[in-house]
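In: return a 3D structure for these sequence lines:
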Amino acid sequence: MRKAFLVHTSLSLLLVAGCSSSSDSGTSTSWQDAFAGVAVSSPVSGTVGTSSFVPALSRNVSAFSLHGDESVKTKITTLTDLASGKAATGCRISFASLSGFAGRANCYGPTINYTNHQDGGGSGSLPGGDLGIWDQTEVSGEACAAAQINQLVKSAANYFDSAMGLQASAICVLTTGGTVIPTSSSSVDFASSFQDVVQEDTPAATITTANMARNSDGSFTLTLEGTTDGAKAFKVVSKVNKTTTQKEGRLYGFFETTNRDAFSASFTKTSNDISMQYYAGTWSLATSESAMFETNGDLKLSGWSGNMNHAVLDYDLSSETGTLSYAWQAGGGDSNTRVFNAYTTKSGSQFDGCGFFGFGDAFSTTLTSNTNSITGFICNWAGPGGNHSMATTTHLAQKQCFSKTTSATFFSPTSSSITYAPTNSCNDTNGSFTYDWPTHSGDGATNDLVDLTSDTSFPSYTAPAGPTLSSGF
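Out: Residues are numbered from 1 along each chain as shown. As a prediction, the model looks like this:
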């Protein structure tokens with residue numbers, strides 16, 4: 001019987017920023033503080049196995065590079081060094097090779113063949129991505145849920161790495177050029193000097209907009225726009241601010257690949273706690289900016305044509321523990337989102353926690369309506385006679401608890417409840433029904449999914465609420 005587990009380490013999918021206060025003087029250091037210390041990383045960054053990130057911003061080894069699987073601290077150090085002009089490669093940067101918001105670990109939701117399906121008979125295959133946690137580990141031994149979380153996070157993190165790398169390079173140009181921060185309600189344009197740096201490694205790229213503005217409320221807005229070496233458009237916009245008690249900011253934009261891949265992240269940070277969320281999704285190349293973004297940079301959840309992702313995190317910096325909710329949907333017409341909920345705790349040198357996977361409501365057209373809550377489990381998503389109503393599986397979910405010491409390479413499961421049959425009832429009651437990952441034949445599989453309303457571990461998960469930004473953000 002297949003077994004697997006769900007995730008999580010220190011849940012370091014986080015956005016960290018050092019922002020300058022509204023009373024800062026016009027120095028280049030303030031530019032660095034406002035924009036440099038920002039990073040998005042996988043909750044299980046640093047693990048080994050087949051979930052390694054696709055390289056980003058790394059085509060030319062002489063230019064700035066991140067590979068996606070670095071820790072948050074490593075990313076922040078790298079970006080800060082670039083922004084401050086301390087990097088050995090100066091301000092140089094090359095564009096990432098981006099591949100869309102998708103990713104699936106080998107052990108998660110495989111494509112499986114079946115014969116004599118008990119809900120509709122016949123033979124066929126169940127498509128990849130619909131079956132949840134299927135095998136316990138990747139071939140390397142990495143826990144399947146950890147590998148899947150890495151795949152989900154990396155697809156968005158590569159875009160944020162690219163955006164923040166461009167930001168850091170732009171700030172480096174301003175810093176090394178001796179540019180003084182503009183006074184309130186004024187800005188600095190530097191498209192020409194930024195293009196000179198970008199074209200060192202990407203000669204065919206263009207920069208049409210590079211603008212740093214200081215707003216009337218003391219916040220800063222950085223806007224970068226142009227085309228990559230393939231004449232594909234991009235735009236990155238950041239707005240950040242700091243008060244005496246809280247740092248806050250928003251980063252949004254898009255990169256054209258075969259589509260327009262758009263993203264929007266927001267965060268708040270106090271002395272020891274971070275709250276953040278991001279959305280990342282795909283629109284057609286013909287889509288206008290106004291059709292993808294609200295005026296403040298939030299994504300509009302309408303008209304998108306590919307995967308849509310939504311992550312929310314509350315994170316404790318001192319213990320490196322937190323809670324995570326992650327939902328994604330494969331197209332605007334899909335009936336449901338797929339959802340991970342997870343939490344971690346720490347005692348001494350050991351992390352413990354539990355994770356849950358199930359299905360939730362489809363994304364709404366308004367961001368505030370998307371809660372990333374598991375409402376049940378759909379066992380027969382795409383098989384014959386498949387039923388998405390969850391009438392008999394309401395509140396059911398896959399559950400995996402896990403542990404990891406601070407010196408361990410990856411998490412190991414301590415208990416698992418993830419078995420089910422890909423049928424409407426979630427059980428195999430037909431002796432001739434077979435499916436081949438691994439091959440089952442008349443084994444009478446009975447699900448061991450947990451009921452979240454009575455599970456003893458689920459009350460330890462408190463859904464992260466996400467940041468609340470000040471007026472004007």
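In: correct me if wrong: Ser415 contacts Gln400.
Out: Yes. Proximity of Ser415 to Gln400 meets the contact threshold set by C-beta atoms under 8 Å, at 7.3 Å. C-beta here means a position set from N, CA and C on the backbone, and glycine is covered the same way.
In: these two: which has the busier surroundings?
Out: Counted by other C-beta atoms under 10 Å, Ser415 and Gln400 do not tie: Gln400 has more neighbours, with 30 against 12.
In: check whether the residue positioned nearest the centre of the chain sits in a helix, strand or coil.
Out: Centroid check for the chain by C-alpha atoms, centre = their mean gives Val153 as the closest residue, at 3.5 Å. Under DSSP: H, G, I helix; E, B strand; the rest coil, the three-state class of Val153 is helix.
In: and the pLDDT for it?
Out: According to the predicted model, the pLDDT of Val153 comes to 75.
In: what's the answer for the one 4 residues further on, then?
Out: At Ala157 the predicted local distance difference test score is 79.
In: now Asp361: how far from Met276?
Out: Computed with C-beta to C-beta, to the nearest Å, the distance linking Asp361 and Met276 is 22 Å.
In: of the two, which one has the most company?
Out: More neighbours sit around Met276 than around the other of Asp361 and Met276, counting by other C-beta under 10 Å; the figures are 24 against 18.
In: that one bridge partners, please.
Out: Following DSSP bridges, Met276 is listed with bridge partners Phe267, Leu313.
In: distance check, it against Lys247.
Out: From Met276 across to Lys247, the span is 11 Å (C-beta to C-beta).
In: just Ser417 next, same as before
Out: When Ser417 is compared with Lys247 (using C-beta to C-beta), they lie 40 Å apart.
In: the two: which is more packed in?
Out: Neighbour totals were compared for Ser417 and Lys247, and Lys247 leads with 23 against 20 (other C-beta under 10 Å).
In: point out where this protein drops to low pLDDT.
Out: Across the chain, residues meeting the criterion (pLDDT under 70) sit at 1-73, 437-443.
In: all helices for it, in order.
Out: Assignment of helices within the chain using DSSP state H yields the ranges 28-35, 72-84, 144-176, 191-198, 289-292.
In: got the buried residues for the longest one?
Out: In other words, helix 144-176. 144-175 (16 or more other C-beta atoms under 10 Å).
In: ok, the last one next?
Out: Residues of helix 289-292 classed as buried under the neighbour-count rule (16+ other C-beta under 10 Å) are Met292.
In: contacts for it next, please.
Out: The set of residues that contact helix 289-292 without belonging to it, under C-beta atoms under 8 Å, 6 or more residues apart in numbering, is 235, 254, 260, 262, 283, 299-300, 302-303.
In: weed out the non-buried ones from those.
Out: Counted by 16+ other C-beta under 10 Å, these give 235, 254, 260, 262, 283, 299-300 as buried.
In: and those, which is closest to Gly348?
Out: Within those, distances to Gly348 taken as C-beta to C-beta reach their minimum at Leu299, with 40.9 Å.
In: can you pull the contacts of the closest one?
Out: The contact partners of Leu299, by C-beta under 8 Å, 6+ apart, come to 252, 262-264, 279, 281, 292-293, 367.
In: next step: those residues restricted to strands.
Out: Cross-referencing the contacts of Leu299 against strands under DSSP state E gives 252, 262-264, 279, 281.
In: the closest residue to Gly120 other than its chain neighbours - how many residues pack around it?
Out: Nearest-residue entry for Gly120: Pro384, 2.4 Å, with adjacent residues in sequence omitted and distances by C-beta to C-beta, 6 or more residues apart in numbering. Look at Pro384: counted by other C-beta under 10 Å, it has 17 neighbours.
In: hmm, Pro384 is touching Asn116, no?
Out: No. With contacts defined as C-beta under 8 Å, Pro384 does not count as touching Asn116, sitting 10.2 Å away.
In: need the overlap of contacts for those two.
Out: Where contact means C-beta under 8 Å, 6+ apart, the residues bridging Pro384 and Asn116 through contact with each are Gly122.
In: of the contacts of helix 289-292, which is the nearest to Ser84?
Out: Proximity to Ser84 was ranked across the contacts of helix 289-292 by C-beta to C-beta; first place goes to Lys235, at 24.5 Å.
In: hey, what's the closest one bridged with?
Out: In this entry, Lys235 is beta-bridged to Glu225, Phe254, by DSSP bridges.
In: my guess is it meets Thr227, correct?
Out: No. Lys235 is beyond contact range of Thr227, at 10.3 Å (criterion: C-beta under 8 Å).
In: so where do the strands sit in the stretch 351-473 of the chain?
Out: Remark: strands of the stretch 351-473 of the chain, listed N- to C-terminal, are 396-405, 412-417, 434-436, 439-441, 450-451; assignment by DSSP state E, counting those that start in this stretch.
In: what angle separates the first one from helix 144-176?
Out: Going back to what we said before, that points to strand 396-405. Here strand 396-405 runs at 70 degrees with respect to helix 144-176, directions being taken by axes from the mean of the first three to the mean of the last three C-alpha atoms, to 10 degrees.
In: same for strand 396-405, what does it pack against?
Out: When contacts are defined as 3 or more C-beta pairs under 8 Å, 6 or more residues apart in numbering; DSSP states H and E, strand 396-405 packs onto strand 350-361, strand 412-417, strand 450-451.
In: who does that strand pair up with?
Out: Sheet pairing of strand 396-405 (DSSP bridges) gives strand 350-361 (antiparallel), strand 412-417 (antiparallel), strand 450-451 (antiparallel).
In: now, the most widely separated pair of the contacts of helix 289-292?
Out: Within the contacts of helix 289-292, two members stand farthest from each other by C-beta to C-beta: Lys235 and Ser302, at 19.5 Å.
In: against Ala88, how distant is Cys172?
Out: According to C-beta to C-beta, Cys172 and Ala88 sit 12 Å apart.
In: cool, and Phe160?
Out: 23 Å.
In: could you do Phe410 as well?
Out: According to C-beta to C-beta, Phe410 and Ala88 sit 32 Å apart.
In: look at the two and report which has more neighbours.
Out: Neighbours were counted for Phe410 and for Ala88 using other C-beta under 10 Å; Phe410 has more, 22 against 8.
In: what's the neighbour count on Ser187?
Out: If we define neighbours as other C-beta under 10 Å, then Ser187 has 15 of them.
In: how about it, what does it touch?
Out: Taking C-beta under 8 Å, 6+ apart as the contact definition, Ser187 lies against 211-214.
In: make TSV out of those and add neighbour count.
Out: As requested, these are exported to TSV (neighbours: other C-beta atoms under 10 Å):
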residue	neighbour count
Asn211	18
Met212	24
Ala213	17
Arg214	24
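In: picking that back up, and the helices and strands packed on strand 396-405, which is most packed in?
Out: The highest mean neighbour count among these belongs to strand 350-361 (a mean of 23), with neighbours defined as mean count of other C-beta atoms under 10 Å.
In: how about Ala163, what does it touch?
Out: The neighbours of Ala163, taking C-beta under 8 Å, 6+ apart as the test, are 236, 238, 251, 253, 263.
In: contact partners for the closest residue to the last one other than its chain neighbours?
Out: Read it as Phe263. Here the nearest residue to Phe263 in space, its sequence neighbours aside, is Ala280; by C-beta to C-beta, 6+ apart that works out to 4.2 Å. Shown in contact with Ala280 (C-beta under 8 Å, 6+ apart): 101, 155-156, 159, 261-264, 308-309.
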